[in-house]
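> Just the structure for this:
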Amino acid sequence: MHDHPRNRHESPAPVYDMSHSHVNYEYGVPGLSASLSYRVSPTSPPYSSRHAYAYAHHPTHQRPPGKPVGSRVPLSGPSLSRGRPVASSLQYQNPIKSDTVRVIRVNDTCIRCPRRQLARAPRNQSLARVPRPKLRFCSRPDDSVTNFPLMVLRGPRMGSFVKEGDYTIVFKTLVPLPAKTCKYTLQVYSLRCPPLPPTQNGSFECTNGHLWGSRCYLRCEPGFLLKGLTTGYKYLLNQPNVTAAFKCVKRKRQAVWKMPKFQPICTAFFAEATTQSPVIISAPPKKPPAVFPSASAVVGLPHSKRKVSCRWPKEPLNGWASCGQRGRWKKRLFVREHLPCFRGCNAGFEPSIPLNTNRKKNRISCVAGSWVGFQVFECENRQESILRKCREAAEGHQHVICKKVDNGIRCKVECPSGFVVPKRHRAEAELDCAAGDVTTHTWPTCQSAVAPLLVNGCQNQIVENATLPLAVEMPQYRPGRAEGGPVEIKCNLTTIQRYGEFSIFCTATDLQLDSESKCTFTVLSTASSCRPFKPGPHVVARCGMPSGLLAISLESFPVGANCEFTCDTGYTLPTSRLAETYTTCQMDGAWTVTDFDLCKPLANPVTKRKCENQTFVVERIPTGGIPLELPAYADSMGEELEPMCTHTYALDYGETIVSCDFDDYEIRTRSSCIFYVTVRKP
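The predicted structure follows:
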C-alpha cells in the first residue's frame, strides 16, 4: 500500500536563484563604475518561454507541467524573492506569469539598432509622443529592451510631442548597455476616416475633422428640415435640425465611420395658417441624395437632442485644470456639455507652446462628448523654457551661437570669415535669452564684407608753380554692396606746406560693413624758378639748362638748372667742399649750395721750426733709442701739421739721414726737409 503523495515528505521545489539582484560594472578607470539592480529574465534558464513557471512535485511523479496537483503560489512571492525554499505543502498546477524584467547577460556584447518605428497619435489628437526605441540583443533577437538610458544626438527628444511625418533620430546607448550609435526613422501617423459624401441642402460639422474620435453632425440650411424617419411615424415641426453623430471609430488598424440608424435628408417645408398640422413637401432634388454605405434605413421613434458629458480634463504635469465660467469648479468625474474649462501651468512654469487664450491658458469646451480646442503641451520650468527657446533659436538660424553666461544664456550671430553683420543691425545680433523674447526676435543676416570701390583719384600729381599751402585732392570711394553705408576716407596728409615730393597714404572704411580699401599716390609741388646767385672771388660758374629750355635768364633760373664751379689759376677748391662743386635749382625755388665762396689760394705748409742737424755724445744708447727733435709746419688754416719722418729715435752709433714730410690735406699741398743725426762715444 502506497502512501498518497500528500502524506509523503515533500522536498523543496527547485527554484532558480534570484538572490543576486545587484551587478557592479567596473571599467578599469579609477572612480568610474556602474551598478544595475535586476531580476531574472523570463527567457533566462531554466525556463525557455517568456513567462516564469514554478512547479513543486515529488521527483518520482512524472506529471507534466500544467495539470492540477494542488494549490498554486506565484513565483514572485516574498519567500522566493529572498531565496528561501518553498514549503513542502505548497504545490503548483498552472503556469503563473512572472513580473520579472529582462536583464543584461554576460554574452550580451552587442545590440541591433532599429531601422524604422511607428508612433500613432492618440484618439482625437494629431500629435504623438516620441517612444523609446526598441533595442534587441544580437544573441537574443526575440527580446527587446526599452528601459535603459539613451542620449539623443539628433532629432526629437524621447517623450516629446511631434506632428505627423517622418523623423530621423540618432541616439547613443549609455551604460550598462554596450556603447553604440544608432540611426532610425520614426514614422508618426494619425488614424483618419475617409471624407463623408456630400449632401444636398446641408453640410457636416465635425468636432475634430476626420481624426479618429471625431464626431460629425449634419446641419440643414435655413428653410430645410431634417428628415431621417419613415412617414409612418409622421414628422415633428420642432424636430432638431441636427442629426445624430457620425462617429469616427477605430476598427483594428484603420478608422471607419459609424453611421446613425437612419439616413438623414434635408427637405423643404411650408406651414399654412390652419388648424391642421403642417404639410412637409420634399424639395425636388437636382441629383439623387447621397447614400452612406454603412447606413441602413431603420424605422424608429424620433430622436431628441441629447447632451453628452466629457470626462474631467487632465491637467498637465506641473499644471492645473479648472472648469466653469470663472474656473471655480472643483475636480469631478464629468463635465457637462458646452461648459468652458481652462488648463494652464503653475507659478514658475511656462507652457511649451503658445496657448490659444492669452498665451497662458488653454480654453477648451465639451462638445458631444469630446473636448474642442484641446492643446497638448508641457509645463516647463522657466529656466528650462529659456534654454529650449535658445536652442530653437540657434537651430533656426545658421549662424546663431548660444553660450552660457553668469546670469543665463546669451545668443549672438557669429558670421564666418569674410562676412559681417551691418552696424545698423548689430544691436539685434545679440540677445539675452532671459530678457528678450527669443521666439519673436528677428535675427539679422550676415553680409559679405566687400571693400569700398575706388571711383576717382588716387593718382600721382605734379603741381607746378604751386601756391602754398597746397590742398591735397582726396580720392573718392563708394560702398561695395547695397547694404553698405557711408564711406569714410582718411589720409596721412591733407595739405602741403612746402615744395617737394610727398607720399600720400589713404584708407577708405565702410562704416556699416567695417571693410577697408587702401591706396598710395605722390604729390610733387614745384616753384616757378630760383633767384640768380653771385659766385665768390676766384670762383668760375658754368651753368646748364634742363632739357627743353634753350637759354638762361639773367633774372632767374628755372627749376632743374644746375651750375658747376671751378677756381682760377693758383686757387683750388678745399677738400671739405668738393661736394659743393655743383648746385641745382630745387623745386622749392632754392639752390642746393648757398655759400659760393669756395676757392682757396694754393700754398705750401709754413715752417715753424726748421730741420737742423743733431749730434749726440753718449757712453751708452738707452733702451728704445735717443728721441730726436723734429721740425714743425702749419697748414693754410694755421694749424700745426703732424710730421711724417723716417726716424724719430737714434738707435745706433754713427750718422743717420732723417727725411720729414708735411701734407696740407685741405688744399692738397706738401712741404719736405732733411737733417743729419750723429751719435758717438765720448
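
> For stretch 523-530, the averaged confidence score.
Taken as a whole, stretch 523-530 has a mean pLDDT of 81.

> Pro264 is in contact with Phe224, correct?
No: contact criterion Cβ atoms under 8 Å: Phe224 and Pro264 do not qualify, at 11.1 Å. No exception for glycine: its C-beta is placed from N, CA and C like everyone else's.

> In terms of neighbours, single out the busier of these two.
Legend: neighbour count by other Cβ atoms under 10 Å for Phe224 and Pro264, higher for Pro264 (25 against 19).

> shared neighbours, Phe224 and Pro264?
In terms of Cβ atoms under 8 Å, 6 or more residues apart in numbering, Phe224 and Pro264 are both contacted by the residues Gly202.

> Walk me through the domains of this protein.
For the chain, automatic domain parsing gives the domain ranges 1-103, 111-189, 310-377, 383-448, 453-525, 529-601, 606-680.

> Now find how far off-centre the last one is within its chain.
Spelled out, that is domain 606-680. Distance of domain 606-680 from the chain centroid (Cα atoms, centre = their mean, to the nearest Å) equals 93 Å.

> Can you check the distance spanned by that domain, start to finish?
From its first residue to its last, domain 606-680 covers 33 Å (Cα to Cα, to the nearest Å).

> For the domains of the chain, please prepare JSON lines with the additional fields mean neighbour count.
Listed next are the domains of the chain as JSON lines, based on neighbours: other Cβ atoms under 10 Å:
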{"stretch": "domain 1-103", "mean neighbour count": "13"}
{"stretch": "domain 111-189", "mean neighbour count": "15"}
{"stretch": "domain 310-377", "mean neighbour count": "16"}
{"stretch": "domain 383-448", "mean neighbour count": "15"}
{"stretch": "domain 453-525", "mean neighbour count": "16"}
{"stretch": "domain 529-601", "mean neighbour count": "15"}
{"stretch": "domain 606-680", "mean neighbour count": "14"}
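
> for those domains, which one sits closest to Lys252?
Lys252 sits nearest to domain 111-189 of all the domains of the chain, at 12.5 Å, using Cβ to Cβ.

> quick revisit: for Asn208, find the nearest of the domains of the chain.
Closest to Asn208 of the domains of the chain, according to Cβ to Cβ: domain 111-189, at 5.3 Å.

> quick one: average confidence on that closest one?
Here domain 111-189 scores 87 as its mean pLDDT.

> How far off centre is it?
Centroid separation between domain 111-189 and its chain, computed with Cα atoms, centre = their mean, is 27 Å.

> Which among the domains of the chain is found nearest to Trp212?
Trp212 lies closest to domain 111-189 among those, at 5.6 Å (Cβ to Cβ).

> Identify the residues contacting the residue nearest in space to the middle of the chain.
In the chain, the residue lying closest to the centroid (Cα atoms, centre = their mean) is Ile401, at 3.5 Å. By Cβ under 8 Å, 6+ apart, the contact set of Ile401 is Ala394, Cys411, Lys412, Val413, Glu414.

> what about the first one, distance to Val413?
Computed with Cβ to Cβ, to the nearest Å, the distance linking Ala394 and Val413 is 10 Å.

> Overlap of the contact sets of these two?
Overlap of the contact sets of Ala394 and Val413 (by Cβ under 8 Å, 6+ apart) consists of Val400, Ile401.

> one step back: Throw the domains of the chain into a markdown table and include distance to Leu211, thanks.
Formatted as a markdown table, those follow (distance: least, Cβ to Cβ, whole Å):
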| stretch | distance to Leu211 |
| --- | --- |
| domain 1-103 | 35 |
| domain 111-189 | 6 |
| domain 310-377 | 10 |
| domain 383-448 | 27 |
| domain 453-525 | 47 |
| domain 529-601 | 93 |
| domain 606-680 | 117 |
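
> Report pLDDT for Tyr299.
Careful, residue 299 is Val and not Tyr. Looking at Val299, the pLDDT reads 33.

> likewise Cys248?
Listed pLDDT for Cys248 reads 93.

> Run through the bridge partners of it.
Trp257 (DSSP bridges).

> Surely it and Leu211 touch.
Yes: at 6.8 Å, Cys248 counts as touching Leu211 under the criterion of Cβ under 8 Å.

> what distance separates the host helix or strand of the residue nearest to the centre of the chain from the centre of its chain?
Ile401 is part of strand 400-404, with elements assigned from DSSP states H and E. Chain-centre distance of strand 400-404: 7 Å, with Cα atoms, centre = their mean.

> I'd like the mean pLDDT over it, please.
Across strand 400-404, pLDDT averages out at 80.

> Okay, now the sheet partners of the helix or strand following it, with direction.
The element immediately downstream of strand 400-404 (helix or strand, assigned by DSSP H and E) is strand 409-413. Taking DSSP bridges as the criterion, strand 409-413 forms sheet pairs with strand 400-404 (antiparallel), strand 430-432 (antiparallel).

> want to try TSV for those strands, with distance to Glu164 as columns?
Converted to TSV, the strands paired with strand 409-413 look like this (distance: least, Cβ to Cβ, whole Å):
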stretch	distance to Glu164
strand 400-404	28
strand 430-432	32
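
> of those, which approaches Gln512 most closely?
Distance to Gln512, taken as Cβ to Cβ, is lowest for strand 430-432 among these, at 17.1 Å.

> helix or strand right after that closest one?
Using DSSP H and E, the helix or strand that follows strand 430-432 in sequence is strand 447-448.

> now stretch 214-230: how far from the chain's centre is it?
58 Å.

> Give the buried residues for it.
Neighbour-count burial for stretch 214-230 flags 214-220, 224-229 (criterion: 16 or more other Cβ atoms under 10 Å).

> I'd like the mean pLDDT over that stretch, please.
Regarding stretch 214-230, the rounded mean pLDDT is 75.

> on that earlier part again, and the domains of the chain, which one's lowest on average pLDDT?
Here the domains of the chain differ in mean pLDDT, and the lowest is domain 1-103 at a mean of 41.

> In the chain, where's the longest helix?
For the chain, the longest helix by residue count, based on DSSP state H, is helix 382-396.

> ok, and what's touching that one?
By Cβ under 8 Å, 6+ apart, the residues outside helix 382-396 that reach it are 348-350, 352, 380, 400-402, 408-409, 411, 431, 433-434, 438-439, 441, 443.
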